[in-house]
Every structure is written in C-alpha cells, then in structure tokens.
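**Student:** Make a model of this:
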Amino acid sequence: MLERALHVAVIGLAAVSLTPRPAFAQNPFSIEGTITAASNSGVTAVPANANPPCVITGGSTQACMITDPDGSLKERGPINSNTTKMGGINTAPTPMLGDTNPNSNTDLNTVFSQVKKASDLDLWYYFAWIRDATGTGFISVEFQHNPVDAGCIKPNSTPVVVDYSLDTCNPWKGRQGGTGGNADFLILWDQSGSSTD
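**Tutor:** The predicted model follows:
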C-alpha cells in the first residue's frame, strides 16, 4: 500500500512539474479584450502621441490610435487576384493595389499600435483593432526587415514619401524568408464567428 501511494505521489509530482505555465503576454501591456480610445494597451505613451497618423484630438493617451475608412468607403489594398494571395503576394506584378471595399467582417475601422521595452529589455509590440462587424474573417500583420520597395516611393520626394497609389508599388516586394534574426514574420488572425477566443 505504501509503495503504491509513493508511486502515485511521484507521478502526481511529475504531472505538476510538467504542466505548462501560463504565458504572460500582457507584460508590459494590459491585454483583457477591451479596446477603446480611453483604454487599450494600458501603458501611457511616452512621449505622448503627437504626430499623424495617430489621432491627436480625442485620440488615445496609450497606444497610437489610427482610424481607417470603413463601411461603404473604399480603401487601398491588394486587387483580388490569384497573384495577390498570402504566399506569393510579394511577386505579384504591378499594378497590384487598387481601391477596394473589404468585407465588413475584416474591415477595420480603428487600429492601435505601440512599442514598449519590458523590464527584461525585451521589445514588445502591441497591435489591437476594432472592426465593423462580427463574423468570420482573416487579418494579418507582416513585419519585414527590408525598407519599402523603391516602386512605392514618390519620385523626387525629400524627405522620402511612401505613396501606395503609384502603379509601380508592391509593398510586399521586399519580403524575405530565412530563419532566426533575418527572417520576416507574419502574424495571422483567423477569426471564426463572433467569439473573442
């Protein structure tokens, strides 16, 4: 009986020590699902958000609040084509951008963006959004090492001005693969229905 109890205790201890710890993604940000101009990242912006595209009057004192055309308003984005899908969009021939009206399930009307260095010196990026409607949708954010392609730079601009309306512009053209510190990376959010999980 004592031997059986000891085995059960050892197995129980192993199970407890192998249980994964919860991730603390809220360090240094507060991530609890409430996204408004007054309450988003939970970290006051220092220095304060004072430059567009951040909304200044009535904007956020935390993450940079950026409003986006929504509803029936058209906005710049990839033209629907087999060449502008996620895997090969960087090789899509130009012109590949046009004025489109996204499905309301993925039409973002406000985004919030902020960077903060944590106490362990890790750099954290906060990205939150408010969309027009609930429902199934797909959102992605891509981080590239390379600068925006020259085809997206307004000719003769000093300082350099990025212009996505140019027919020569493919913002994904600089995408690079690889591993480790040289690789670009992509965050994909595939929302199913109206759940928040």
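**Student:** count of neighbours near Met65?
**Tutor:** Neighbours of Met65 under the rule other Cβ atoms under 10 Å: 26. For glycine as for every other residue, the C-beta is placed from the backbone atoms N, C-alpha and C.
**Student:** And the one 4 residues further on, by the same measure?
**Tutor:** The number of residues packed around Pro69, counting by other Cβ under 10 Å, is 15.
**Student:** Leaving out chain neighbours, which residue sits closest to it?
**Tutor:** Once flanking residues are discounted, Pro69 sits nearest to Glu75: 4.5 Å by Cβ to Cβ, 6 or more residues apart in numbering.
**Student:** In contact with the one you found: list those residues for me.
**Tutor:** The contact partners of Glu75, taken as Cβ atoms under 8 Å, 6 or more residues apart in numbering, are Asp68, Pro69, Asp99, Thr100, Asn101, Pro102.
**Student:** Skip ahead from the helix or strand bottoming out on mean pLDDT in the chain and say which helix or strand is next.
**Tutor:** In the chain, no helix or strand scores lower on mean pLDDT, DSSP states H and E than helix 2-18, which sits at a mean of 38. Per DSSP states H and E, the first helix or strand lying C-terminal to helix 2-18 is strand 64-67.
**Student:** Partner strands of that following strand and their direction?
**Tutor:** strand 108-117 (antiparallel) (DSSP bridges).
**Student:** Of all residues in the chain, which one is nearest the centre?
**Tutor:** Val141 (4.0 Å; Cα atoms, centre = their mean).
**Student:** which secondary structure element contains that one?
**Tutor:** Judged by DSSP H and E, Val141 forms part of strand 137-143.
**Student:** Which elements pack onto that strand?
**Tutor:** Secondary-structure packing of strand 137-143 (3 or more Cβ pairs under 8 Å, 6 or more residues apart in numbering; DSSP states H and E): strand 123-131, strand 185-191.
**Student:** What angle do strand 108-117 and it make with each other?
**Tutor:** Put simply, strand 137-143 runs at 40 degrees to strand 108-117, going by axes from the mean of the first three to the mean of the last three Cα atoms, to 10 degrees.
**Student:** So Gly151, which state does it fall into?
**Tutor:** helix (DSSP: H, G, I helix; E, B strand; the rest coil).
**Student:** was I right about it contacting Pro171?
**Tutor:** No - judged on Cβ atoms under 8 Å, Gly151 makes no contact with Pro171 at a distance of 9.1 Å.
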